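*Asks:* pasting the structure only:
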């Protein structure tokens, strides 16, 4: 098992560890991670009510689950980075692409949550 782990690229190992840690943080932060993610993407959702005006039993589970589901973005970004390394030689460009994919996944997660509840 350890031999297989060492055979994986750094990006793949980082993505797996980041996904596990972020999923745990999404739960243990009691919604702080989900709320922080919402503030990074909130300018895209101006047609929805502001975060401070949300009420109801759905708010806290939604914020917690947003942080937890966002952890899957690291897996998607890791897969893309793994396959894109054959095309893009620049480490900086692949890192920027990795960050953009994680951000777009946060947009997707919050869009799904908001479209269900509003």
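*Replies:* Here it is on my side, so go on. The structure displayed is predicted, hence computed values, not measured ones.

*Asks:* got the contact list for stretch 12-26?
*Replies:* By CB atoms under 8 Å, 6 or more residues apart in numbering, the residues outside stretch 12-26 that reach it are 5, 8, 33-34, 64-72, 74-75, 77-79, 81-82. Every residue, glycine included, has its C-beta placed from N, CA and C.

*Asks:* lowest average confidence, helix or strand, in this protein?
*Replies:* Across the helices and strands of the chain, mean pLDDT, DSSP states H and E gives its lowest value to helix 2-7, namely a mean of 88.

*Asks:* buried stuff in the very next helix or strand once past that one?
*Replies:* In the C-terminal direction, the helix or strand that comes right after helix 2-7 (DSSP states H and E) is helix 10-28. Of all the residues in helix 10-28, those buried under the rule 16 or more other CB atoms under 10 Å are 11, 12, 14, 15, 18, 19, 22, 23, 26.

*Asks:* now the helices for the protein?
*Replies:* Counting by DSSP state H, one finds helices in the chain at the ranges 2-7, 10-28, 32-41, 59-70, 72-84, 91-117.

*Asks:* need the buried ones from the contacts of stretch 12-26 selected in ChimeraX.
*Replies:* Restricted to the buried members of the contacts of stretch 12-26, where burial is judged by 16+ other CB under 10 Å, the ChimeraX selection command reads as follows:
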select :33,34,64,65,66,67,68,69,70,71,72,74,77,78,81
